[in-house]
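K.L.:
could you work out the structure for the sequence below:
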Amino acid sequence: LVHSPMYVDPIHQLDSYLSDFPFVCFVLCTSPFVLFLLFFFNDPATTEIYTLSLHDALPIWLVQTLRLTLFPGIGEQIKVEKQDWWHDLLDVEASDINIQRDIGYRQEAGLYEDDKQLVLSIQPDRIDWRLTSPNKIPEPGQVPDIGPYLETIDKFSKLMLKWLNFGTCPAATRLAFGPILITPVATVEEGYEQISEYLFFNINTENASEFLYQINRARPSKSIPGTTINRLSKWSVLASHWIKGNLVQGVLATSNVLSPKVLNCRLELDINNIQKPGYEVDQNKLPNLYEEFVKLSKEIIEKGDIV
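P.N.:
The predicted structure is shown next:
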């Protein structure tokens, strides 16, 4: 079972430190997820204001997959056999290379930082970069992840911004950013209650199951005027089982459950620019657009389903 602290209580952590000091506390709530406490200490020598943000009290979202997809611009010729993006980006050759010339497909993969797998897939009409867990069988009760989102996205973005700034990176009709995130919960009801904190309604958990909430809230782009950005989010509770069995002609004949059910809140995002007929994003604007996507993803993680 993946263990991760669901909430951090900074008030409890400060309790022993503040107990010896008389103070007055004012609570300011600026949004459903941002709370500030202003402490005015009664110090005869001076008066100081201390501000405490409760952002750390939010659930810790762990990354299952990070994906950047580029749909090449009009007239771009992507030749799968002549691309050196992997080597140029990482200064090493990929450990696995798969080329299917008949369909114009190329995939390169290899370990990144020893505990993550980076995958580059090239097709005539799309290019995908994915950062995910290595291809190995997890231990029973263990849901694979590659670390907290705010830490992992910085590493992924460093790579992607470098690639987007390559002179060989093509212009695009569309750019799409798709993280898949999880955070552990003990019960389905707890998962629904936690998701409710991110939505504008409460989920009635009585006899509830199979909940899936999906919505797209488009916004005008700030980095490219006249462009609209889709902000698609999918919220659910994921149940994982580990089963060992025998397949007979593609059918699971016998099986043994290896671990109890493991539950996680799951958030899947797809942030992309709306494709316009005959329009493409200049290559030199792609880094700014990607950074805007990442900023929007962090906003959803912090504030939930907001307009």
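K.L.:
quick one, what contacts the residue nearest the centre of the chain?
P.N.:
Nearest to the mean C-alpha position of the chain, by C-alpha atoms, centre = their mean, lies Pro179 at 3.4 Å. Residues in contact with Pro179, defined by C-beta atoms under 8 Å, 6 or more residues apart in numbering, are Val63, Thr65, Leu66, Arg67, Tyr149, Ile153, Glu268, Leu269, Ser297. Where you see a C-beta, it was placed from the backbone N, CA and C, and this is true even at glycine.
K.L.:
again, only this time at 7 Å
P.N.:
Val63, Thr65, Leu66, Tyr149, Leu269, Ser297 (C-beta atoms under 7 Å, 6 or more residues apart in numbering).
K.L.:
ok, now Leu159?
P.N.:
Residues near Leu159 by C-beta under 7 Å, 6+ apart: Leu89.
K.L.:
what are the phi and psi values at the nearest residue to Ile153 once chain neighbours are set aside?
P.N.:
Leaving aside its chain neighbours, Ile153 sits nearest to Val294 (6.2 Å; criterion: C-beta to C-beta, 6 or more residues apart in numbering). Val294 adopts backbone torsions of phi -60, psi -40, taken as degrees, to the nearest 10.
K.L.:
quick check: Val294 touching Phe156?
P.N.:
No - taking contacts as C-beta atoms under 7 Å, Val294 lies outside contact range of Phe156: 8.9 Å.
K.L.:
what about the two, which has more around it?
P.N.:
Ranked by neighbour count (other C-beta atoms under 10 Å), Val294 and Phe156 place Phe156 first, with 24 against 20.
K.L.:
test my guess that that one contacts Leu66.
P.N.:
Yes - Phe156 is within contact range of Leu66, at 4.7 Å (criterion: C-beta under 7 Å).
K.L.:
in this structure, where is pLDDT below threshold?
P.N.:
1-58, 80, 252-255, 257-259 (pLDDT under 70).
K.L.:
strands of that one, residue ranges please.
P.N.:
Secondary structure of the chain by DSSP state E: the strands cover 23-31, 34-41, 49-53, 62-72, 96-100, 105-112, 116-123, 126-132, 172-177, 180-185, 212-216, 219-220, 228-248, 251-273.
K.L.:
make a markdown table from the ones you listed and add mean neighbour count and distance to Trp85 to it.
P.N.:
Below are these laid out as a markdown table (neighbours: other C-beta atoms under 10 Å; distance: least, C-beta to C-beta, whole Å):
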| stretch | mean neighbour count | distance to Trp85 |
| --- | --- | --- |
| strand 23-31 | 10 | 40 |
| strand 34-41 | 14 | 40 |
| strand 49-53 | 11 | 40 |
| strand 62-72 | 22 | 11 |
| strand 96-100 | 12 | 12 |
| strand 105-112 | 18 | 8 |
| strand 116-123 | 20 | 6 |
| strand 126-132 | 19 | 8 |
| strand 172-177 | 22 | 14 |
| strand 180-185 | 22 | 23 |
| strand 212-216 | 11 | 30 |
| strand 219-220 | 12 | 30 |
| strand 228-248 | 16 | 25 |
| strand 251-273 | 16 | 21 |
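K.L.:
the ones you listed: which one's closest to Gly141?
P.N.:
strand 251-273 (3.7 Å; C-beta to C-beta).
K.L.:
hey, what's Val251 bridged with?
P.N.:
Val248 (DSSP bridges).
K.L.:
ok, Pro124 - contacts?
P.N.:
By C-beta under 7 Å, 6+ apart, the neighbours of Pro124 are Ile78, Gly104.
K.L.:
how close does it get to Met160?
P.N.:
21 Å (C-beta to C-beta, to the nearest Å).
K.L.:
want to throw the contacts of Pro179 into a markdown table with distance to Glu197?
P.N.:
A markdown table is the format used below for the contacts of Pro179 (distance: C-beta to C-beta, whole Å):
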| residue | distance to Glu197 |
| --- | --- |
| Val63 | 20 |
| Thr65 | 24 |
| Leu66 | 24 |
| Tyr149 | 17 |
| Leu269 | 17 |
| Ser297 | 18 |
